[in-house]
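Engineer: Sequence and predicted structure below; questions after.
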Amino acid sequence: MKKTGLILVLGLVLLAAACGREVTRTDTDTVTDLSGYWNDTDARIVADSMVLQCLSGDWLDTFGGDRARGEMPPKPVVLVGGVYNESAEHINTNIFMNEIERALLGSGRVQIAAGGAARDEVRGERLDQQIFASPATAAEFGREIGADFVLTGSIGSIVDEEGSTRAIYYQVSLELINVETALKTWMGSTEIKKIIEW
């Protein structure tokens with residue numbers, strides 16, 4: 001009897017706690033900085049800044065000069081590689097890199113090569129087509145466009161805290177590497193600093 005009463009009271013407490021929660025949908029562009037840690041707004045701001053810096057670099061003009069001589073494809077092909085999280089917190093770098101890819105592709109000035117798991121899926125589909133699709137419609141092997149450049153980088157942070165105030169400094173550094181020569185053709189960085197008080 002005591003056990004049943006305790007379970008009933010516990011159930012009522014949990015029900016009351018659940019009823020007190022309110023969820024509001026908001027526009028995805030709304031700045032929501034609840035904890036002060038890295039968030040979607042930071043990813044968007046940094047991605048847009050880095051892409052602007054990257055596309056303003058002279059590497060694109062140099063590539064254009066080679067293109068005019070017919071030596072390269074119409075637009076440089078960029079493979080967006082990994083960004084390494086060297087910060088003190090968990091940051092989903094895939095979301096950040098998807099923002100970079102979206103902004104680069106949206107510029108219309110570069111082509112984006114699929115990498116990682118997406119490339120493996122495409123290659124798997126191509127292999128399946130050799131077995132299951134008609135020869136007239138099966139994608140051919142050896143027709144991929146090789147990347148001219150790989151974009152890679154890191155996210156680092158420094159946390160300083162005293163009493164009820166915390167400062168977080170983030171630095172995102174990216175570099176564009178020429179696949180053929182392994183030379184770095186562009187480097188950029190963007191910083192964000194936040195002060196959190198409670």
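Structural biologist: Received the coordinates, thanks. Numbering: from 1, shown residues only.

Engineer: Tell me where the protein has strands.
Structural biologist: 77-86, 111-113, 149-162, 165-178, 184-197 (DSSP state E).

Engineer: which secondary structure elements does the shortest one contact?
Structural biologist: Contacts of strand 111-113 with other secondary structure elements, assessed using 3 or more Cβ pairs under 8 Å, 6 or more residues apart in numbering; DSSP states H and E, are made with strand 77-86, helix 93-107. In this view, the C-beta of every residue, glycine as well, is placed from N, C-alpha and C.

Engineer: Could you list the low-pLDDT ranges of this protein?
Structural biologist: 1-20, 64-73 (pLDDT under 70).

Engineer: Point to the residue nearest the middle of it.
Structural biologist: Central residue of the chain (Cα atoms, centre = their mean): Met97, 1.7 Å from the mean position.

Engineer: ok, now which ones touch it?
Structural biologist: Neighbouring residues of Met97 by Cβ atoms under 8 Å, 6 or more residues apart in numbering: 80, 82-83.

Engineer: same thing but at 7 Å, please
Structural biologist: Under the criterion of Cβ atoms under 7 Å, 6 or more residues apart in numbering, the neighbours of Met97 are 80, 83.

Engineer: Having no further points to raise, I will conclude here.
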